[in-house]
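Participant: below are the sequence and a predicted model; questions follow.
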Amino acid sequence: DTGVSQNPRHKITKRGQNVTFRCDPISEHNRLYWYRQTLGQGPEFLTYFQNEAQLEKSRLLSDRFSAERPKGSFSTLEIQRTEQGDSAMYLCASSVQGARQYFGPGTRLTVT
Amino acid sequence: AQKITQTQPGMFVQEKEAVTLDCTYDTSDPSYGLFWYKQPSSGEMIFLIYQGSYDQQNATEGRYSLNFQKARKSANLVISASQLGDSAMYFCAMREGYTGNQFYFGTGTSLTVIP
């Protein structure tokens, strides 16, 4: 399977803990995006990378959130000191330039 | 202002009938792309159809077609011959610019196909 993969699929954590998610994009895609989706809403843009460069960050991305794509391949999204409001589905997508985005299955985060 | 507006939170359609899901968009960029995605209960976003702002004809992909009305800034999705497996959330999305870096999504429409 050569689609976008995300790990873990589910994560339950206690408030105040740090969590890290991983996204492996389609190999030839130079763009990688992170979105957050809460129940009953559409995906909200968080940040995106072109190769290893993080080119844009949403104002939704507080200082507790950080994302990396060290070698222009896989990416990680870390949330520090999690809050209950961080509970959501975190979606990763990849694309070639502005073409259609291919989405991964998402990581569902529950903060208790 | 919302970039993408989907005004139908929920829709019902009889199996084998056609259904139209509404989407309006807001942009001042002459170059943009419009997308529809399906999200079943499993959560994965599945690409359905794409329309570029300069495309002269409405996009079609199998049972999906996009009714693109540029002057009205609408990009409605038409699903013909609905199947039970079409029951899902449907999201309209827009990319601004030819190689735009951000996609804007609507709040989605929940479609239920009734046998």
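Facilitator: Okay, I see it.

Participant: return the residues of chain B in contact with chain A.
Facilitator: B:4, B:33, B:35, B:37, B:42-47, B:50, B:91, B:93, B:95, B:97-108 (CB under 8 Å from any CB of the partner chain). The way it works is simple: take the backbone N, C-alpha and C, and place the C-beta from them, glycine included.

Participant: for ChimeraX, what selects the buried ones among these?
Facilitator: Burial among the residues of chain B next to chain A is assessed by 16 or more other CB atoms under 10 Å in any protein chain shown; the matching ChimeraX selection reads:
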select /B:4,33,35,37,43,44,45,50,91,93,95,100,101,102,103,104,105,106,107,108
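
Participant: and the gap between the residue nearest to residue A:31 when sequence neighbours are not counted and residue A:37?
Facilitator: Once flanking residues are discounted, residue A:31 sits nearest to residue A:95: 4.8 Å by CB to CB, 6 or more residues apart in numbering or on different chains. Distance of residue A:95 to residue A:37, given as CB to CB, to the nearest Å: 18 Å.

Participant: ok, the least confident helix or strand in chain B by mean pLDDT: who's next to it in the sheet?
Facilitator: Within chain B, no helix or strand scores below strand B:103-105, which has a mean of 89 by mean pLDDT, DSSP states H and E. Strand B:103-105 pairs in its sheet with strand B:88-96 (antiparallel), by DSSP bridges.

Participant: for the partner strand, give me every contacting residue.
Facilitator: For strand B:88-96, the external contacting residues (CB atoms under 8 Å, 6 or more residues apart in numbering or on different chains) are A:42-43, A:98, B:3-4, B:6, B:21, B:23, B:25, B:27, B:29, B:31-41, B:45, B:48, B:75, B:77, B:102-106, B:108-111.

Participant: ditto for stretch A:40-55
Facilitator: A:30-38, A:56-58, A:60-61, A:65, A:67-72, A:75, A:77, A:91, B:4, B:45, B:91, B:93, B:101-108.

Participant: between the two ends of that stretch, how far is it?
Facilitator: Stretch A:40-55 stretches 28 Å from its first residue to its last (CA to CA, to the nearest Å).

Participant: can you give me the buried ones in it?
Facilitator: Those would be A:42-50, A:54, for stretch A:40-55 by 16+ other CB under 10 Å.

Participant: what's the answer for stretch B:24-44, then?
Facilitator: Of the residues in stretch B:24-44, B:24-25, B:27, B:32-39, B:43-44 count as buried by neighbour count, 16+ other CB under 10 Å.

Participant: in helices, which of the residues you listed appear?
Facilitator: Of these, none are assigned to helices by DSSP state H.

Participant: as CSV, those residues with pLDDT and distance to residue A:15 would be great.
Facilitator: Below are the buried residues of stretch B:24-44 laid out as CSV (pLDDT from 0 to 100; distance: CB to CB, whole Å):
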residue, pLDDT, distance to residue A:15
B:24, 98, 39
B:25, 97, 38
B:27, 93, 39
B:32, 92, 40
B:33, 93, 39
B:34, 95, 39
B:35, 95, 36
B:36, 97, 37
B:37, 96, 32
B:38, 97, 34
B:39, 95, 28
B:43, 87, 24
B:44, 88, 28
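
Participant: and which of these is nearest residue B:17?
Facilitator: Nearest to residue B:17, judged by CB to CB, of those is residue B:38 at 17.6 Å.

Participant: which SSE is the spatially most central residue of chain A in?
Facilitator: Of all residues in chain A, the one closest to the mean position by CA atoms, centre = their mean is residue A:34, 3.6 Å from it. Using DSSP states H and E, residue A:34 maps to strand A:31-37.
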